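Q: Just to be clear, the model below is a prediction. Sequence and coordinates:
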Amino acid sequence: MSFSASDLAQVRFAVSPMWEVAPSFRLLRSGAAHPVHRAWADQVRPRLTAAGLDRGWLAELIPPTGYVPDFLNPAPAGPAPAPRTEWRAIRAASADRVRRDLDHLARHQGRLGPRLRMLHAEPEARLAKLTDELESYWEVVLAPYWARIGPVLEADILHRARTVAEHGAGRLLDDLHTSLSWESDGLRMARRKHPLVRATAGAGLLLIPSVFTGPDLRTRTTPPDPPQIAYPARGTGTLWQRRRTAGAEALTAVLGRSRTLLLTELESPASTTQLAHRTGLSPAGVSQQLTALRDAGLVSAHRAGRSVLYARTTAAETLLRAASP
C-alpha cells in the first residue's frame with residue numbers, strides 16, 4: 001500500500017471493543033485450550049452457553065475461519081470509543097453495505113444462515129437485534145475483564161508512540177508485525193491473499209492493538225474509511241497472570257478488612273454468592289460491601305444471565321499495585 005505525506009500524517013491508533021469480539025468469539029467456540037487465554041475461556045464458556053450466545057446472531061456472522069463482515073468493525077471515530085458508540089455505528093450501516101458484506105460472506109461460506117437471510121432482507125429492522133446480542137456478549141464475555149484488557153492495549157499504544165517519537169513512523173510500521181515491512185513510500189504485507197491497495201480504502205491508516213487476534217494480522221479496507229490493521233498487542237502473554245497482592249494489608253487501614261478482602265478475591269469476576277463462599281462473609285455482608293466499593297468506583301457490575309458478576313475496575317487495579325511493595 002502506497003503512502004503519501006498526507007497518509008503518514010493521518011496514521012493513528014485506536015482501542016476498539018468491537019475488534020475484540022470476532023477473535024474472542026472464535027476462540028470460545030473452538031473449544032481449544034489456548035496457551036494464553038485458557039483461564040479466561042474456562043470461566044467464560046459456561047456463561048456464553050448459558051446465555052445462548054453460542055447459537056445466535058454471532059454464530060452465523062462469525063465463521064470459525066475466514067471472512068468476517070466488515071460492517072461489524074466500523075472505523076473507530078476516536079482513540080477509545082465506548083462500546084455503545086460502536087454499536088450505534090453498526091446500527092447506522094447502510095443497507096447496501098450490509099448486503100454487500102453478507103453476499104461476500106455467502107461466497108466464502110456457501111450459504112447464509114436463517115438469521116442472516118432475514119438481515120439481508122431487512123437490514124434496518126434486524127441490525128437492532130444484532131446489536132442487542134452484541135451488548136449481551138460484551139456484558140458476559142468482555143466487560144468484566146476490561147480493567148485488565150484495556151490497560152494492556154493502552155500500554156501497547158504508548159510504546160508505539162515512543163517508537164515514533166524516537167525513530168519515526170517508518171520504524172513504527174516496520175516493527176509492528178513480522179509480516180509488515182516499510183519500504184521507501186509503501187507498506188508491504190507478506191502472505192496476504194489480496195494486496196492492500198490505496199484505491200480500495202480511504203486516506204491514512206488506523207492501527208488497532210488486540211489481545212485476542214492471535215499471532216496474525218486482521219485487516220479491513222472499506223472506503224471511505226482508512227485501512228484498518230488489527231495486530232497482536234505487546235503484553236498479551238501476561239494478561240491473565242495472577243497479580244501480586246502482597247501489599248493489600250496496607251489497604252486494610254484505609255478500606256477496612258472486608259472491602260480489602262473482596263478486592264483481592266476479585267482476581268477474576270465473581271458473583272455475590274461465590275464471594276461469600278470464598279471469604280466466609282455472609283451474602284448480605286458481601287452485597288453491602290460491594291455496593292460501597294461500586295459507589296467508590298472500585299468495582300463494576302455486569303449481568304450474566306440470572307446472576308450479576310462483580311469485577312475490579314482499573315482504579316482498583318491501580319490501587320492494589322500502588323499498595324504492593
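A: Nice, thanks for sending it over.
Q: Quick one: the strands in this structure, in order.
A: Assigned strands in the chain, in chain order: 11-13, 180-183, 186-189, 205-210, 218-220, 228-232, 299-304, 307-312 (criterion: DSSP state E).
Q: Centre of the chain to the last one, how far?
A: Same thing as strand 307-312. Taking C-alpha atoms, centre = their mean, to the nearest Å, one finds strand 307-312 lying 18 Å from the centre of the chain it belongs to.
Q: what do you get for the fifth one?
A: For strand 218-220, the gap between its own C-alpha mean and the chain's C-alpha mean amounts to 15 Å (C-alpha atoms, centre = their mean).
Q: Repeat that for the first one.
A: Its chain's C-alpha centre and that of strand 11-13 lie 18 Å apart, by C-alpha atoms, centre = their mean.
Q: Going by neighbour count, list what's buried in it.
A: For strand 11-13, burial by neighbour count (16 or more other C-beta atoms under 10 Å) applies to 11, 13. Any C-beta I mention is one placed from the backbone N, CA and C, and that applies to glycine too.
Q: For it, name the packing helices and strands.
A: helix 146-167, helix 169-175, strand 205-210 (3 or more C-beta pairs under 8 Å, 6 or more residues apart in numbering; DSSP states H and E).
Q: State the mean pLDDT of the shortest one.
A: What that stands for is strand 205-210. On average, the pLDDT along strand 205-210 is 94.
Q: From the contact counts, what lies against that strand?
A: strand 11-13, helix 18-30, helix 146-167, strand 228-232.
Q: Just the buried positions in the longest one, please.
A: Taking 16+ other C-beta under 10 Å as the neighbour-count basis, helix 146-167 is seen to contain the buried residues 146-150, 152-154, 156-157, 160, 163.
Q: so which of those comes closest to Leu205?
A: Checking the buried residues of helix 146-167 against Leu205 by C-beta to C-beta gives Arg160 as the nearest, at 12.3 Å.
Q: residues contacting the closest one?
A: By C-beta atoms under 8 Å, 6 or more residues apart in numbering, Arg160 lies in contact with 13, 172, 176, 207.
Q: Okay, the last one and Ala77: tell me how far apart.
A: In this view, Leu207 and Ala77 are 15 Å apart by C-beta to C-beta, to the nearest Å.
Q: So those two - more neighbours on which side?
A: Leu207 (20 against 10; other C-beta atoms under 10 Å).
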